[in-house]
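S.K.: Sequence first, then the predicted structure, then my questions.
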Amino acid sequence: MGFLFSLLAGKGGGISAIVVAIAALIGYAKIVRPHEWVEKEATYAAVTGPMTISVKVGRRRTEEYKLYGVAVSPDDEALKREAEAYIRKLAAESGKLTISYQRKRPTTAIVTTWDGNTDLGHALIRYGYARAVGKTLTYRVAEAFARREGRGMWRQKIQGFVVPEWDDCPVVHQSNRGVGVVLTDIDSRMPDRHIYRDNDRVTWGHETSHGIASRLRMAQDGFRAGNGTTVKTTAGLDVFKSTGRENAFYVLLGRSIRLTEPDVTLADVARAVPRSLRGRIYNLYLVQQQRDWNDTPLYVFDEWVAYTNGADVRYDEGIAGRDEAVDHMVEMMAYGLTLATMTDDPKLEDFARWQALRAVQLFGIAEDYDSDRGAATIHAMRTAADAERWRAEVREALGDEWTQMTLGF
């Protein structure tokens, strides 16, 4: 068993550039179907199994369909529950659905959301909740990417790794702005015409992640006198800073998490980072931001999640360049892991493991990535002499096997 980082670090390996180009298109447009397919409109009623959905056609008739071209492991009950919850969320948020089936197989259908952006079967495969059955190219490409990213049924079983307990972060408006699946997901969690949009899609995803976190904090504490204040992000946008001891972050697919602020300061975290791991944004985020966030050490996670969401947008949209989005995600991972060593909060530690695994996966699959800074940061994590104590603390906090498999030390 090699290091997860080593398994993922080969850029482009195993999947041709042509397939990558095809994959960049899946999820954004409906599959082209031959003439023997019948298409009709329906309204979501219920999910009756991990691969089956019930819909209303007209005023009274209810019909049930098995999703075309997908299968879930019959022995993995936990995964089946996750698949049901995910498809339920997608279908319920859409409300209206498009049902497409072959005349010769009228009970098996391709089901897409009303805006045409999401094929439910493809989405299940893409996130590792199901595997592709048959010869549909987009489904097979989706499975290849899910395998490569270690998602769902393809993720490695690592001792001590626990998927965090998520809170629901519902859709606020139906975003349909011709952008990719990840950015649509992020944007839809904010009201329409929000202030965090940007012409640059990576920045759009990053800043809107801060906006979502701000709304989650505001929902927890209420935007009333004494409960918080408004501060500026490094991009000059307003966010709500709570005076309470809970923070919250959004990590896609309707999943958010609330964490309790550790009893340390941002300055404490800054001092604990070995000099070899202090990168280009260390001064900006861990030193300069002490003026607003010193009593809020989870600010480190806020930036780490925002950079990771931005890197996910970069990957999902096939954006060339913007290497710093990946570099900064990896650098913020070092700071987030540092914070994780300074607390005994199991929920925070579980999230740190999950978030670090996601960051390492995104780094490993980054396309058109020409910078060597991300790899240099991970190399320093693994080998720098002044980080020896830091590595021991990470292993103690997050587990030897997890640390070896994920970070390679």
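M.R.: Perfect, thanks for sending it.
S.K.: Can you give me the neighbour number for Tyr369?
M.R.: Neighbouring residues of Tyr369 were enumerated by other C-beta atoms under 10 Å; the total is 22. Backbone N, C-alpha and C define where each C-beta goes, glycine included.
S.K.: what residues are up against Gly236?
M.R.: With contact set as C-beta atoms under 8 Å, 6 or more residues apart in numbering, Gly236 has no partners.
S.K.: Contacts for the longest strand along the chain, please.
M.R.: What stands out as the longest strand in the chain, according to DSSP state E, is strand 37-49. By C-beta under 8 Å, 6+ apart, the residues outside strand 37-49 that reach it are 33, 53-57, 62-64, 84, 87-88, 91-92, 94-103, 106.
S.K.: Please apply the same query to stretch 319-330.
M.R.: Contacts for stretch 319-330 (C-beta under 8 Å, 6+ apart): 200-202, 206, 279-281, 304, 307-308, 310-311, 313-314, 359, 362-363, 366, 368-371, 373-374, 377-378.
S.K.: that older thread, so how far is the longest strand of the chain from its chain's centroid?
M.R.: Relative to the centre of its chain, strand 37-49 is centred 27 Å away, using C-alpha atoms, centre = their mean, to the nearest Å.
S.K.: wouldn't Trp204 be in contact with Tyr196 here?
M.R.: Yes. Counting by C-beta atoms under 8 Å, Trp204 touches Tyr196, with 7.2 Å between them.
S.K.: For the two, indicate the residue with more neighbours.
M.R.: Ranked by neighbour count (other C-beta under 10 Å), Trp204 and Tyr196 place Tyr196 first, with 23 against 20.
S.K.: domain ranges for the protein?
M.R.: The chain resolves into domains spanning 16-154, 167-407 when parsed by automatic domain parsing.
S.K.: Would you mind finding the most buried of the ones you listed?
M.R.: The highest average neighbour count among these, using mean count of other C-beta atoms under 10 Å, belongs to domain 167-407 at a mean of 19.
S.K.: Need the distance between the two termini of that one.
M.R.: End-to-end distance of domain 167-407 (C-alpha to C-alpha, to the nearest Å): 27 Å.
S.K.: Run the chain-centre distance for it.
M.R.: Relative to the centre of its chain, domain 167-407 is centred 11 Å away, using C-alpha atoms, centre = their mean.
S.K.: One more: stretch 99-113?
M.R.: Relative to its chain's centre, stretch 99-113 lies at 29 Å (C-alpha atoms, centre = their mean).
S.K.: Tell me the span between the first and last residue of it.
M.R.: Taking C-alpha to C-alpha, the first and last residues of stretch 99-113 lie 9 Å apart.
S.K.: which other residues reach it?
M.R.: Stretch 99-113 is contacted from outside by 30-31, 33, 36-42, 53, 55, 63-69, 90-91, 93-94, 97-98, 118-121, using C-beta under 8 Å, 6+ apart.
S.K.: could the domains of the chain go into a markdown table alongside mean pLDDT?
M.R.: Below are the domains of the chain laid out as a markdown table (pLDDT from 0 to 100):
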| stretch | mean pLDDT |
| --- | --- |
| domain 16-154 | 78 |
| domain 167-407 | 90 |
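S.K.: hang on, Leu97 in a strand?
M.R.: Yes. Per DSSP: H, G, I helix; E, B strand; the rest coil, Leu97 lies within a strand segment.
S.K.: List of residues touching stretch 343-358?
M.R.: 4, 150, 160-165, 251, 257, 259-260, 262-264, 301, 304-305, 308, 333, 336-337, 339-340, 397-399, 402, 406-407.
S.K.: Alpha carbons of it, as PDB, please.
M.R.: Only the C-alpha atoms of stretch 343-358 are listed here, as PDB (Å, rounded to 0.1, in the frame of the first residue of the first chain):
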ATOM      1  CA  THR A 343      -7.000  20.800  20.500                       C
ATOM      2  CA  ASP A 344      -8.500  17.600  21.900                       C
ATOM      3  CA  ASP A 345     -11.800  18.100  20.000                       C
ATOM      4  CA  PRO A 346     -12.700  14.800  18.200                       C
ATOM      5  CA  LYS A 347     -15.100  16.500  15.900                       C
ATOM      6  CA  LEU A 348     -12.500  19.000  14.800                       C
ATOM      7  CA  GLU A 349      -9.900  16.300  14.300                       C
ATOM      8  CA  ASP A 350     -12.400  14.200  12.200                       C
ATOM      9  CA  PHE A 351     -13.000  17.200  10.000                       C
ATOM     10  CA  ALA A 352      -9.300  18.000   9.700                       C
ATOM     11  CA  ARG A 353      -8.700  14.400   8.500                       C
ATOM     12  CA  TRP A 354     -11.500  14.600   6.000                       C
ATOM     13  CA  GLN A 355     -10.500  18.000   4.700                       C
ATOM     14  CA  ALA A 356      -6.800  17.100   4.400                       C
ATOM     15  CA  LEU A 357      -7.700  14.000   2.400                       C
ATOM     16  CA  ARG A 358      -9.800  16.100   0.100                       C
END
